[in-house]
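*Asks:* The sequence and its predicted three-dimensional model are supplied below.
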Amino acid sequence: MAYENLNLRKSNMTFDGSYFYMMDDNGDELIQKLDDGSIAFSYPLNSLLVSAVTSLEYDGINFWSLQNITGGVSIKRWQIENNIVELKDTFNFTPNFSSEAFTVEHYHDTLASGIMASSSVIYLNEYTNMVASGVVLTLGPNSLDQYEEVSVNTISGAQIILASGTQNSYSINDSVNFYNHLWIFNSYGDGTLHKIDAYTGSNIITYSGSEYDNITACTFSTVKGTLPSTVDALVYEKNTNLKYLNVNTMSLYGTMALDNFQPPSTNIKIYDLAIADTNIYRLQKAARYYESNYSWTNYNYVLSTSRRFLDTVSISAYPVILPANGVNTTKITMLVDDQYGDGVWNKPVFFTDDDDVGFITINPAYTDYFFGTGEAITYYKAGVEVATVNIEGTATQYD
């Protein structure tokens, strides 16, 4: 069928920048796929899944799975070792837990200076403020393709003091990866969002409200393309919108319209999310392309982008009635918005009319540059015959 790609049998998916992954409870394996659906590799699990995985996340080192259990949910952390997926941690959340969407807050940094073997102090370039006592840092690879995990003892200013010395030497700008929190959307009752210590499984804080109810997919990402700077965000679907929650301030800084609505009244379910750079991969069993609806037997990704693009336009005139005297004018306003509902600035809008004598005075007119309203303003001068005049405005993504 049209527009199929991954053809996943199960409703979970994550992406590492090169491969897509699905955890299959039928064969107790982690399936690695290319974006055309062909299998690249299959990793056996060292622990039986028992129930289906409803969401899968990848933090750069670990895979995290969400499963439903009696009275609640179970989150498990896995690592690939010698081509086997080893179970590292299990956290069960009961009672009164029901969830389809969770993610792990994770960060990718580099060493601000090189270190020798047996070093117990390291410096990071960017995310020192997100490191805390007990966090595990994964260092590497170094020039010899060596990795290791080290535990953080304390933080002192810019110094990260380790619980024990490193085994290997590392150079400046070698990679450092770590995770700190789990975020779980709980649909039990009226809906809650839980911030969880990812090392102990203990609840740090609970946020309540209908905003967090019936969330079916989320992920964590350092999002690009929405603002001049990147933002560490919990990204989640809500009906036909994708919402960006800044985990540092807990403020909602962006809402993006999605194309997961099928007329007349169906919202297409999103089962899982993954983000790489400005690409947003939505796992679905149906989609809408070019005003046509499609449904699939298996699960496939639908692609969105966080990069701003022209999404909607609307046009109005005031006044709407003019004397046919060849003198009077009406103000024509075209609104050009992106997928976040913000005005697109400095965009040319081309106008046409179907009157032989009347005409558009400014053509093209550009959307405002300074205020970001997305308004392009021009004027139409009346013709000399009594008639209905049709005026159209056109704006395109690429001018």
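*Replies:* Good, I have the coordinates.
*Asks:* and Glu211, helix, strand or coil?
*Replies:* helix (DSSP: H, G, I helix; E, B strand; the rest coil).
*Asks:* ditto for Glu57
*Replies:* Assignment for Glu57 (three-state DSSP): strand.
*Asks:* What residues does it make contact with?
*Replies:* Glu57 makes contact with 14, 63-65, 102-104, 219-220 under the criterion C-beta atoms under 8 Å, 6 or more residues apart in numbering. Just so you know, the C-beta spots here come from the backbone N, C-alpha and C atoms, and that holds for glycine as well.
*Asks:* Distance of it relative to Tyr179?
*Replies:* 10 Å (C-beta to C-beta, to the nearest Å).
*Asks:* list residues touching both of the two?
*Replies:* In contact with both Glu57 and Tyr179: Val104, using C-beta under 8 Å, 6+ apart.
*Asks:* what about the strands in the stretch 201-350 of the chain?
*Replies:* In the stretch 201-350 of the chain, the strands defined using DSSP state E, counting those that start in this stretch lie at 203-208, 218-223, 231-238, 241-246, 251-257, 261-262, 266-267, 272-276, 279-289, 292-305, 310-318, 329-338, 348-353.
*Asks:* for the stretch 1-150 of the chain, same thing?
*Replies:* 14-15, 20-24, 29-33, 39-44, 53-58, 63-69, 72-81, 84-93, 101-110, 121-122, 136-139, 148-156.
*Asks:* Pull up the pairing partners for the last one, direction included.
*Replies:* Right, strand 148-156. According to DSSP bridges, strand 148-156 forms sheet pairs with strand 136-139 (antiparallel), strand 159-162 (antiparallel).
*Asks:* do the same with the second one
*Replies:* Sheet pairing for strand 20-24, assigned by DSSP bridges, gives strand 14-15 (antiparallel), strand 29-33 (antiparallel).
*Asks:* any idea of the angle that strand forms with strand 39-44?
*Replies:* 40 degrees (axes from the mean of the first three to the mean of the last three C-alpha atoms, to 10 degrees).
*Asks:* What angle do strand 272-276 and strand 20-24 make with each other?
*Replies:* Using the same axes, to 10 degrees, strand 20-24 lies at 150 degrees relative to strand 272-276.
*Asks:* What's the mean pLDDT across strand 20-24?
*Replies:* Averaged across strand 20-24, pLDDT comes to 98.
*Asks:* quick revisit: can you say which of the strands paired with strand 148-156 is packed in most?
*Replies:* strand 136-139 (a mean of 20; mean count of other C-beta atoms under 10 Å).
*Asks:* circling back to that earlier point, among the strands of the stretch 201-350 of the chain, which comes closest to Asn7?
*Replies:* Comparing the strands of the stretch 201-350 of the chain against Asn7 with C-beta to C-beta, the closest turns out to be strand 292-305 (4.4 Å).
*Asks:* From the contact counts, what lies against the closest one?
*Replies:* In terms of contacts (3 or more C-beta pairs under 8 Å, 6 or more residues apart in numbering; DSSP states H and E), strand 292-305 is packed against strand 279-289.
*Asks:* buried stuff in the strand it packs on?
*Replies:* For strand 279-289, a neighbour-count test (16 or more other C-beta atoms under 10 Å) marks 279-285, 287-288 as buried.
*Asks:* which two from the residues you listed end up farthest apart in space?
*Replies:* Asn279 and Lys285 (20.1 Å).
*Asks:* Would you mind listing where the protein has pLDDT under the threshold?
*Replies:* 1, 224-229, 399 (pLDDT under 70).
*Asks:* domain parsing for the protein?
*Replies:* 14-106+179-305, 112-173, 310-394 (automatic domain parsing).
*Asks:* coming back round to it: ranking the strands paired with strand 20-24 by burial, who's on top?
*Replies:* Highest mean neighbour count among the strands paired with strand 20-24 (mean count of other C-beta under 10 Å): strand 14-15, a mean of 23.
*Asks:* Same list (the contacts of Glu57) but as JSON lines, adding distance to Ala132.
*Replies:* Converted to JSON lines, the contacts of Glu57 look like this (distance: C-beta to C-beta, whole Å):
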{"residue": "Thr14", "distance to Ala132": "25"}
{"residue": "Phe63", "distance to Ala132": "23"}
{"residue": "Trp64", "distance to Ala132": "19"}
{"residue": "Ser65", "distance to Ala132": "24"}
{"residue": "Phe102", "distance to Ala132": "20"}
{"residue": "Thr103", "distance to Ala132": "19"}
{"residue": "Val104", "distance to Ala132": "15"}
{"residue": "Thr219", "distance to Ala132": "22"}
{"residue": "Phe220", "distance to Ala132": "17"}
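*Asks:* farthest-separated two in these?
*Replies:* Maximum distance among the contacts of Glu57 (C-beta to C-beta): 15.2 Å, for Ser65 and Phe220.
*Asks:* For Leu34, find the nearest of the strands of the stretch 201-350 of the chain.
*Replies:* Of the strands of the stretch 201-350 of the chain, nearest to Leu34 by C-beta to C-beta is strand 292-305, at 12.1 Å.
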